[in-house]
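K.L.:
Show me the folded form of this:
(3 chains)
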Amino acid sequence: MSQAQTLERVADGSPGGSRLAAAAGASRIHFEGISVTYGETTVLEGLTLTVNPGEIVALIGPSGSGKTTALRAVAGFVRPSAGRISIGARDVTDIAPHERNIGMVVQNYALFPHMTVAENVAFGLRARHIASRVVAERVPACLDMVGMRAYAQRYPRQLSGGQQQRVAIARAIAVKPQVLLLDEPLSALDTQIRRAMVDEIARLHRDLPELTVLYVTHDQTEALTLADHIGIMRDGRLQAFDRTRPLYQSPPTRFAAEFLGRANLLAVSKFLPIAYGRARVSIAGMSLEARNPHSLPPERRALLCIRPHHLRLAAASPAANRLLAAVESVQWQGEVLNLSLGIGDDRLLMTCPPGGSPPTIGSRIEVFCDPADVSLVPEDADRR
Amino acid sequence: MLVWSRSGRLLVWALVVPLMLVIYGLPMGVIVVASFARQWNGVLPSGFTLAHYAASLEGDSLASLTTSLATGFIASAVALISGTWAALALREVPRQRARLFDVLFFVPSAVPSVSVGLGLLVAFSHPPFLLNGTRWIVLAAHFVLISAFTYGNVRAGLTRVPLACEEVASSLGASPFYRLRRVTLPLLAPYLISAFSLSFALSMGELGATIMVYPPSWVTLPVHIFALSDRGAVFDAATLTTLLGLATVIVLTALSRLASRAAVR
Amino acid sequence: MPTVADIAAFCTLPRRPAQPPRGLWLIAPSLVLAVLFFYPLALILRAAFGEEGAPASLAAFREVLGSVLFLDGLEHTVVIAALSTLGCLVLGFTLSMAIAFVPFAGVKFAGRLIDAIISLPTFLVTLAFTFVYGSAGLLNAGLMREFGFALPPVDFLYSQWGVILAEITVYTPFVMRPLLAAFSTIETAQIEVASSLGARPWRIVGHIILPAALPALLAGGSLCLLLTVNEFGIVLFIGAKDVITLPLLIYGKAIQEFDYTSAAVIAVVNVALSLALYAVYRGVLGRFGGARAGLV
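P.N.:
Numbers count the residues shown, from 1 in each chain, chains lettered A, B, ... in the order given. Sure thing, here's the model as predicted:
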């Protein structure tokens, strides 16, 4: 059984996650062994994944990892060379894009430059021959939802990037799509506007809880903020898929640990599983307790994943679970202190609030981490 | 900027401006002056008259002017439809085959106009396609000669139409035809207009193929101008050439206004 | 070992309905072009091998290709095209350099003028030349009056030099368009840095401008060669008895002598020459990328 299928089973085992009651009419997206090849190159390989009704699933990964291809396969712009895609109960693999009943928002907004904002939002409704009376009600309502009603008569070129993306979102939800596909929707925006738009999308999803969303991004913050589930893609394969919190807390691979949030991955010389899903871990001659969420057997080579902000200066901490490290650099960044520590051959990054007197470079200090915050990651799950 | 000193720049332009005037200003100026000239045996015409214009706006000359305008409009319109059709259809074809068709659609621009005329003459002088002796053979010749240019312009324009706009239109439920009508063609409009302009200008000046195939009932302006000039009626020829240039420029200016308005939207 | 997904994919694949053949829409425009262009072209080729009904023979080819008339025509065509193209390249490069790198107030107007000339019929220039350089034209009239020449002293118009001058005038804009486009992509900063490092203008031209402009020069030049080989109006309007090019020869054979077989033979040669030049032009564009000369 392939890894992708294992992952899928995990995802299906927790339907809805935080969103148990999906509204009626909401649809799931299901990928069943989707592969996409262009000539000799395979850009997506055997993707099996379910987005449950009313959920936001984020696909993240570096460029070229196949995440956008997966989204475009749902939209129908990419033809899978193998596998089936369904939306709701309907197999859409052979259905033309315009008959799939989706909403799509792309990175560069792609507003129709020759139409006003209102005409843009009305486009999908008109294309479906919806009665003008209904269009006249729905367009302002959708513009209200994204706070763009005052701009209804403007042309896209008269709007800022953030405003254009709001209109693009309004245009996509105006047609009451079964699923909403967001393809790097915020990548073209400035950091500040991007943050505001993440809030905006979160609010929108609270207002439209029945909306199923597939969200493709390379930005982990967007994914962590918005998504119920996150899929991590690499080289055309789904590397990891889980609910957002477990994926962050117990990354199943080195790549997942490094791509989602910052992580220190320390070489584990040996470890011994103990009770309650935990293990006793030896690192550079020191012993720690950590979680073993993937139930790794002791003969398996493993890494210890410690998030930089989970490390604390040991002075005010329990006596157990401490590491002795040499301070290699200290960097003050206003609200946080960044420390670089040396443990054996590994380097350990640590962030902490700057209070008190910071350790001096060259000194040896003890740092503490809570056993619940650190986890074992299998080493060879990844071909780096 | 290559020449930094002011005097150097002036020197360059003191050489270039007169050169351009002699090469391009002089011929155009001379044609216009000749169209008003009574006689021209010395350096300057011996007098001015509007008689050539009066003669040009009646009889055969007027007929050839309207013939040329009609030919230009019809041939360009048909070429525009066919070129747009071809360029749009070619997007659906796999790359390798698209390249082949691309070359095929461009080839007519490479073949000498006289040979195009000869071919039409040979092909359409007997049933089943008896076009020889009718205006249709002239229109066919003009269509063939400008089709590649129209096609090329539309194809270049199509690459500027953002693919994302078309995809989003599809995702919103627009059928291919609805998408074409409401998104692709409006975005393509400026390029369609400029394609039409170019075709029209080429058709207005076409001589090689027309002179091979034209029937006495469908004499275009360039053919008529050649007949006049061959007969020695050079002032009338100059007048008609001026009118030809004027008509072309007027139509092109009007169309380019239209195109820039279409682009601003 | 095949996974469940593999088996599923294998089983579901044949369910996919047969795609409607893509490119069905291409049939209509292709058919129009086939009937109006390729079919006539094929008939020319057929006609060159003798009368319809008779077995194909090379007799007409042998006869026409050996004739003095044809060889003269071919020579004139090639010489006129080559010299005109050379002239266009030199003039076009000079004018483009001045417009692009020594800017002055009328630059925009010059650009518009270039576009206007491209859209005007080629014989306009020829007609104008008869008024300027013709035997009774203003130049000769002026010279005869001032210096008392008995015969018109300027007497090049009715030779191939007249044709060449006219073609240079008409086709130089076709070189300038891609050149100006290429020049506009050269960063002024590059030239300014070179100047600040003490490079003389001719050095900048040789090391920065010429290499950048080479694709445009090649593209414009090969397009010019194609257009001048095919040029008809200019040669017809000048009407010099001993300057006969291939297109003019085809016109003469077909329209004035009703000798369609000879006309077809010459047309085959002319079309082959043009297609070869077109292949060169496309090759240059393909090799050096997009700097299309604006038209084809």
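K.L.:
Any idea how many residues pack against residue B:159?
P.N.:
By other C-beta atoms under 10 Å in any protein chain shown, the residues close to residue B:159 number 11. (C-beta placed from N, C-alpha, C; glycine too.)
K.L.:
So what's the gap between the helix or strand hosting it and the chain middle?
P.N.:
Using DSSP states H and E, residue B:159 sits within helix B:135-160. Put simply, helix B:135-160 sits 10 Å off its chain's centre (C-alpha atoms, centre = their mean, to the nearest Å).
K.L.:
Helices along the stretch 151-296 of chain C, start to end?
P.N.:
With DSSP state H, counting those that start in this stretch as the criterion, the stretch 151-296 of chain C has helices at C:160-185, C:188-196, C:201-204, C:210-230, C:233-238, C:246-251, C:260-288.
K.L.:
Sorry, wrong one. I was asking about chain A.
P.N.:
A:3-13, A:67-75, A:117-127, A:132-145, A:161-174, A:191-207, A:220-226, A:244-249, A:254-259 (DSSP state H).
K.L.:
averaging pLDDT over each of those, which comes out lowest?
P.N.:
Ranked by mean pLDDT, the helices of chain A bottom out at helix A:3-13, with a mean of 36.
K.L.:
per-domain residue ranges of chain A.
P.N.:
A:3-249, A:262-371 (automatic domain parsing).
K.L.:
ok, now which ones touch residue 43?
P.N.:
No chain in the question, so chain A it is. Neighbour list for residue A:43: A:36-37, A:64, A:66, A:69, A:236 [criterion: C-beta atoms under 8 Å, 6 or more residues apart in numbering or on different chains].
K.L.:
that's the other chain; I wanted chain B
P.N.:
Under the contact definition (C-beta under 8 Å, 6+ apart), the residues listed for residue B:43 are C:138, C:141-142, C:145.
K.L.:
switch the cut-off to 10 Å
P.N.:
When contacts are counted by C-beta atoms under 10 Å, 6 or more residues apart in numbering or on different chains, residue B:43 touches C:137-143, C:145-146.
K.L.:
Which residue is the nearest non-sequential neighbour of it?
P.N.:
Nearest non-adjacent residue to residue B:43, counting by C-beta to C-beta, 6 or more residues apart in numbering or on different chains: residue C:142, 4.3 Å away.
K.L.:
Tally up the residues packed near the residue nearest to residue B:255 when sequence neighbours are not counted, please.
P.N.:
Spatially, and ignoring its direct neighbours in sequence, residue B:255 is nearest to residue B:197 (4.5 Å; C-beta to C-beta, 6+ apart). Residue B:197: 22 surrounding residues under other C-beta under 10 Å.
K.L.:
Check residue B:197 and give its pLDDT.
P.N.:
On pLDDT, residue B:197 comes in at 89.
K.L.:
measure it to residue A:312 for me?
P.N.:
Distance of residue B:197 to residue A:312, given as C-beta to C-beta, to the nearest Å: 73 Å.
K.L.:
ok, and the most crowded of the contacts of residue A:43?
P.N.:
Among those, residue A:66 has more neighbours than the rest - 24 neighbours, counting by other C-beta under 10 Å.
K.L.:
Would you format the contacts of residue B:43 as CSV with pLDDT included?
P.N.:
Shown next, in CSV, are the contacts of residue B:43 (pLDDT from 0 to 100):
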residue, pLDDT
C:137, 80
C:138, 81
C:139, 84
C:140, 83
C:141, 81
C:142, 81
C:143, 83
C:145, 79
C:146, 80
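K.L.:
And those residues, which of them are buried?
P.N.:
Buried residues within the contacts of residue B:43, counting neighbours by 16 or more other C-beta atoms under 10 Å in any protein chain shown: C:137-141.
K.L.:
which among those are in contact with chain B?
P.N.:
Within the set of the buried ones among the contacts of residue B:43, contact with chain B (C-beta under 10 Å from any C-beta of the partner chain) is found for C:137-141.
K.L.:
Please render these as JSON lines that adds secondary structure and distance to residue B:100 to the earlier fields.
P.N.:
As requested, those are exported to JSON lines (DSSP: H, G, I helix; E, B strand; the rest coil; distance: C-beta to C-beta, whole Å):
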{"residue": "C:137", "secondary structure": "coil", "distance to residue B:100": "50"}
{"residue": "C:138", "secondary structure": "helix", "distance to residue B:100": "53"}
{"residue": "C:139", "secondary structure": "helix", "distance to residue B:100": "52"}
{"residue": "C:140", "secondary structure": "helix", "distance to residue B:100": "54"}
{"residue": "C:141", "secondary structure": "helix", "distance to residue B:100": "57"}
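K.L.:
I'd like the residues you listed as JSON lines, with distance to residue B:149 appended.
P.N.:
JSON lines is the format used below for those (distance: C-beta to C-beta, whole Å):
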{"residue": "C:137", "distance to residue B:149": "34"}
{"residue": "C:138", "distance to residue B:149": "36"}
{"residue": "C:139", "distance to residue B:149": "36"}
{"residue": "C:140", "distance to residue B:149": "38"}
{"residue": "C:141", "distance to residue B:149": "40"}
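K.L.:
so what's whichever residue of the stretch 1-150 of chain B sits closest to chain A up against?
P.N.:
Across the stretch 1-150 of chain B, no residue is closer to chain A than residue B:95, which sits at 10.1 Å (C-beta to the nearest C-beta). Listed by C-beta under 10 Å, 6+ apart, residue B:95 has no contact partners.
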